[in-house]
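# Mind looking at a prediction? Sequence and model below.
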Amino acid sequence: MVKVIGGGAEIDKSKGGKPLLIIRITAEVDGVRREYKITYSRHVRTNKAEGRAVARADAPGGREADAERLSALVEALTGVKPRIYRMKDGSIIINV
């Protein structure tokens with residue numbers, strides 16, 4: 001069950017000076033209310049827009065549970081299930 005409560009967007013710059021679109025969404029997914037942050041930028045070679053989000057360890061249930069909730073939120077909003085990447089350092093990245 002996904003319930004979107006609010007959200008907003010802002011423009012920022014990366015360390016290299018490239019523009020970034022940051023979307024913040026407050027949602028309740030499976031009874032857990034959190035603010036999710038998705039950052040969009042342009043791919044260097046293809047100039048295609050790419051969105052990324054990072055699952056947080058301080059979320060209820062840990063990174064794995066946060067990644068599943070964020071994946072459910074993105075799928076509910078876009079209709080497309082995002083890819084989830086587990087990094088060697090333990091972080092989890094969701095490509096939107």
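The structure has been received and is ready for your questions.
# doesn't Ala65 make contact with Ala59?
Yes: applying C-beta atoms under 8 Å, one finds Ala59 in contact with Ala65, separated by 6.5 Å. C-betas here are computed from N, CA, C, even on glycine.
# Between those two, which contacts overlap?
In terms of C-beta atoms under 8 Å, 6 or more residues apart in numbering, Ala59 and Ala65 are both contacted by the residues Val32.
# ok, the residue nearest in space to the middle of the chain - contacts?
The residue lying closest to the centre of the chain (C-alpha atoms, centre = their mean) is Ala53, at 3.0 Å. By C-beta under 8 Å, 6+ apart, Ala53 lies in contact with Tyr36, Lys37, Ile38, Thr39, Leu70, Val74, Ile93, Ile94, Val96.
# Mind doing that once more with 7 Å?
Counting by C-beta atoms under 7 Å, 6 or more residues apart in numbering, Ala53 touches Tyr36, Lys37, Ile38, Leu70, Ile94, Val96.
# The nearest residue to the fifth one once chain neighbours are set aside is in what secondary structure piece?
Yep, that's Ile94 we're talking about. With C-beta to C-beta, 6 or more residues apart in numbering as the criterion, Ile94 has its nearest non-adjacent residue at 4.6 Å, and that residue is Ala53. Counting by DSSP states H and E, the element that carries Ala53 is strand 49-54.
# what's downstream of that strand, the next helix or strand?
Counting by DSSP H and E, what follows strand 49-54 is helix 62-78.
# Show me what that following helix is packed up against.
Here helix 62-78 touches strand 2-13, strand 19-29, strand 32-42, strand 92-95, going by 3 or more C-beta pairs under 7 Å, 6 or more residues apart in numbering; DSSP states H and E.
# For these, could you give me CSV that also reports distance to Gly79 and mean neighbour count?
Listed next are the helices and strands packed on helix 62-78 as CSV, based on distance: least, C-beta to C-beta, whole Å; neighbours: other C-beta atoms under 10 Å:
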stretch, distance to Gly79, mean neighbour count
strand 2-13, 12, 11
strand 19-29, 16, 16
strand 32-42, 16, 16
strand 92-95, 16, 18
